[in-house]
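[1] Mind looking at a prediction? Sequence and model below.
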Amino acid sequence: MESAPLHVRMLGEFSIQYGEQEINDSDNRSRKVWLLLAYMIYCRNRSISQDELVGLLWGEDESSSNPLNALKTMFHRVRTMLNQLGGNIGHLLIVRRSGSYAWNADLPFSFDVEDFESLCKRGAAAEESQRLEIYLQALELYRGDFLPKLSAEPWVVPISAYFHNLYIHTVLEALPILEERGRLEEAVTLCRSAITVDPYHETLYQHLMQDLLGVGDQRGAISVYEDMSELLFSNFGIMPSDETRSIYREAVRTVNERAVSPVTVREQLREPDDAGGALFCDYDFFKVIYHAEARAVARSGDAVHIGLLSVTDEKKQELPKRSLDRAMENLQELIRACLRRGDIASRCSISQFILLLPQANYENSCKVCERVIKAFARQHPHSPAEIHYSVQPLEPNT
């Protein structure tokens, strides 16, 4: 091992490279082989007792008639795998010392985890003129979370969380500098990479939308918002923050870069020919329509009611996510089919739809909701979902 150092990666994958040879955790070897090897490398600065390693591999739930012999067999498999890098390297890298095992730290070694952490700390302490480039070097090393295929291991969990948070923190430090220097294309690329690592971090989406607006891609910003909104709603039943919605509204306002003719406006506003039944829209737009209707009712005095359809199980408790998603999808199609073209509907929570029913009194609004519920029971008789409704008059905006 004198000709070249060993290169170990644990961010996004687990791989070991020596010269032209490489092994990685995408092969079909035992998970315990990779677990043992990863632990030996990460804890390479100390000797590890046999008892500690037996607990790591088998814990309290698994038993072995001869755990120390099983551990020797596991180390034989690890060394055999390492030998694929060349020669008898497995026996050089893992040594046994008075009943304990240790990684041979005297041999040349590079480790992406250490390099990433070191660069992040260097960047934070660097002069402002140098900080960005050091951060970008660090972020290039982060190809994914720490040991993703071993993410359920108790010792991996806190380490993975630490490096994940360090990565997101460094991204959020680097982005404003990129934006300030006008390097918006790089900022967009960085945002997209970071979102693959943390797909629920709303601040990343805010940066991405703003940067897309900065490079003139309004439609891209709108698409990002729609995807993020669906992701947050389907997984957590929450809506984007006011700040994110504000960026979205800016994107919508500026989607037409130049003045358009009345004919073009009419074409953009025209509903598809095959659109039938109730009009479905995002909850944000539903609120705008509600406010407009409330103003109109204050002038006309017409009857307008709001219906709320809620999905639960038979005990009025929350359904499991898979059953709820299926029930909500089926219910949406029935709402679209059962309501009139002039009615408006939106999903207002993870388990509820809200209906705006113009020119419908209380009795008729109840009948509309009951019609939807009966249609659901008829078409999906084996569904675990039960649907409940309430109807209230729209309050005029006086």
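    Sure thing, it's come through. Residues are numbered from 1 along each chain as shown.
[2] and the helix or strand where residue 232 lies, what does it pack onto?
    With elements taken from DSSP states H and E, the one containing residue 232 is helix 218-236. Other elements packing on helix 218-236 under the criterion 3 or more Cβ pairs under 8 Å, 6 or more residues apart in numbering; DSSP states H and E are helix 202-214, helix 242-253. The way it works is simple: take the backbone N, C-alpha and C, and place the C-beta from them, glycine included.
[3] okay, those in JSON lines with distance to residue 72 next?
    What follows is these, written out as JSON lines (distance: least, Cβ to Cβ, whole Å):
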{"stretch": "helix 202-214", "distance to residue 72": "47"}
{"stretch": "helix 242-253", "distance to residue 72": "56"}
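[4] between the ones you listed, which one is nearest to residue 335?
    Proximity to residue 335, assessed across the helices and strands packed on helix 218-236 by Cβ to Cβ, is greatest for helix 242-253 (24.1 Å).
[5] quick check: angle from that closest one to helix 218-236?
    Going by axes from the mean of the first three to the mean of the last three Cα atoms, to 10 degrees, helix 242-253 is angled at 140 degrees with respect to helix 218-236.
[6] So what angle separates the directions of helix 242-253 and helix 202-214?
    Angle, helix 242-253 to helix 202-214, by the same axes, to 10 degrees: 20 degrees.
[7] what packs against helix 242-253?
    Counting contacts by 3+ Cβ pairs under 8 Å, 6+ apart, helix 242-253 packs against helix 202-214, helix 218-236.
[8] between the helices and strands packed on helix 218-236, which has the poorest average model confidence?
    Ranked by mean pLDDT, those bottom out at helix 242-253, which scores a mean of 90.
[9] Pull out the buried positions in that one.
    Neighbour-count burial for helix 242-253 flags 244, 247, 248, 251 (criterion: 16 or more other Cβ atoms under 10 Å).
[10] Which elements pack onto the helix or strand where residue 332 lies?
    For residue 332, the element it lies in under DSSP H and E is helix 321-338. Packing contacts for helix 321-338, counted by 3+ Cβ pairs under 8 Å, 6+ apart, involve strand 279-280, strand 304-312, strand 344-349, strand 352-358, helix 362-379.
[11] avg pLDDT for it?
    Rounded mean pLDDT across helix 321-338 is 92.
[12] Equivalent analysis for stretch 139-154, please.
    96.
[13] gap between it and the chain center?
    Centre-to-centre, stretch 139-154 and its host chain are 15 Å apart (Cα atoms, centre = their mean, to the nearest Å).
[14] try stretch 94-112
    With Cα atoms, centre = their mean, you get 37 Å for stretch 94-112.
[15] neighbouring contacts of that stretch?
    Defining contact as Cβ atoms under 8 Å, 6 or more residues apart in numbering, one finds that stretch 94-112 is touched by 1-2, 4-11, 40-41, 43-50, 53, 75, 78-79, 82, 92-93, 141.
[16] Return the subset of those lying in helices.
    Using DSSP state H, the subset of the contacts of stretch 94-112 located in helices is 40, 41, 50, 53, 75, 78, 79, 82, 92, 93, 141.
[17] could those residues go into TSV alongside distance to residue 185 and neighbour count?
    Converted to TSV, the ones in helices among the contacts of stretch 94-112 look like this (distance: Cβ to Cβ, whole Å; neighbours: other Cβ atoms under 10 Å):
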residue	distance to residue 185	neighbour count
40	42	20
41	37	20
50	54	15
53	48	21
75	49	19
78	44	23
79	47	17
82	42	21
92	46	15
93	43	26
141	21	19
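[18] Report the two of the residues you listed separated the most.
    50 and 141 (33.7 Å).
[19] how close does residue 192 sit to residue 184?
    According to Cβ to Cβ, to the nearest Å, residue 192 and residue 184 sit 13 Å apart.
[20] So for those two, which sits in the more crowded spot?
    Set residue 192 next to residue 184 and count neighbours by other Cβ atoms under 10 Å: residue 184 wins out with 18 against 13.
[21] And the pLDDT at the more buried one?
    pLDDT, read off for residue 184, is 97.
[22] now it: how far from residue 220?
    For residue 184, the distance to residue 220 equals 12 Å [Cβ to Cβ].
[23] repeat for residue 381
    Per Cβ to Cβ, residue 381 is found 44 Å from residue 220.
[24] next one: residue 213
    As judged by Cβ to Cβ, residue 213 and residue 220 stand 9 Å apart.
[25] returning to that earlier point: turn the helices and strands packed on helix 242-253 into TSV, columns for distance to residue 319 and mean neighbour count.
    What follows is these, written out as TSV (distance: least, Cβ to Cβ, whole Å; neighbours: other Cβ atoms under 10 Å):
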stretch	distance to residue 319	mean neighbour count
helix 202-214	26	22
helix 218-236	14	17
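[26] Format these as a markdown table; extra columns: distance to residue 347.
    Below are those laid out as a markdown table (distance: least, Cβ to Cβ, whole Å):
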| stretch | distance to residue 347 |
| --- | --- |
| helix 202-214 | 19 |
| helix 218-236 | 7 |
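[27] that older thread, so for residue 124, which of the helices and strands packed on helix 321-338 sits nearest?
    When these are compared by Cβ to Cβ, strand 344-349 sits nearest residue 124, at 40.7 Å.
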